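Visitor: this one's structure only:
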């Protein structure tokens, strides 16, 4: 009986992980805008990330991006939500890639590789916030 239980637990665990590596539906389409590339992106910037929730804010903005290569060009699917109004902005978005930096062309966010991690900064503020793989 315990073997059957272990087998059932293993199957359920594997089934729960089935979608983790699957591509996101929004990334399946053709980008409507591509990034300007000054220098190729640091590989650590590539993929999908979300900003960790800063504890010092009651209703922080939420930021997510996916940097992908499509047909030999780089594109960013961007999703950010205003923490106060709840207004959400998402879709393919203009960005500039400069090696360790990914800079938004639509709002004052930038993402930078520092100490082996990706960090978010907003509009020249001193505070930076860690981005987590999404």
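Guide: Structure's in. What do you need? What you are looking at is a predicted structure, and each value in this text was computed from that prediction instead of being measured.
Visitor: Do you have the helices of the chain handy? List them.
Guide: Secondary structure of the chain by DSSP state H: the helices cover 2-16.
Visitor: So, low pLDDT: which residues of it?
Guide: Residues of the chain meeting the criterion pLDDT under 70: 1-23, 25, 54, 57.
Visitor: residues touching the residue most central in space within it, list them.
Guide: Taking CA atoms, centre = their mean, the centroid of the chain lies closest to residue 49, which sits 2.4 Å from it. Counting by CB atoms under 8 Å, 6 or more residues apart in numbering, residue 49 makes contact with 64, 65, 66, 111, 118, 131, 132, 133, 134. From N, CA and C alone the C-beta is placed, and that goes for glycine too.
Visitor: Now with 6 Å, please.
Guide: By CB atoms under 6 Å, 6 or more residues apart in numbering, the contact set of residue 49 is 65, 118, 131, 134.
Visitor: In ChimeraX, how would I select just the buried ones from those?
Guide: Burial among the contacts of residue 49 is assessed by 16 or more other CB atoms under 10 Å; the matching ChimeraX selection reads:
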select :65,118,131
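Visitor: what's the farthest-apart pair in the contacts of residue 49?
Guide: Within the contacts of residue 49, two members stand farthest from each other by CB to CB: 118 and 134, at 10.8 Å.
Visitor: wait, doesn't residue 61 sit right on residue 84?
Guide: No. Residue 61 lies out of contact with residue 84 (CB atoms under 6 Å); the separation is 8.3 Å.
Visitor: The two: who's more crowded?
Guide: Neighbours were counted for residue 61 and for residue 84 using other CB atoms under 10 Å; residue 61 has more, 18 against 10.
Visitor: tell me the contacts of the closest residue to the more buried one other than its chain neighbours?
Guide: Counting by CB to CB, 6 or more residues apart in numbering, the nearest residue to residue 61 once its immediate chain neighbours are dropped is residue 83, at 4.7 Å. With contact set as CB under 6 Å, 6+ apart, residue 83 has these partners: 59, 60, 61.
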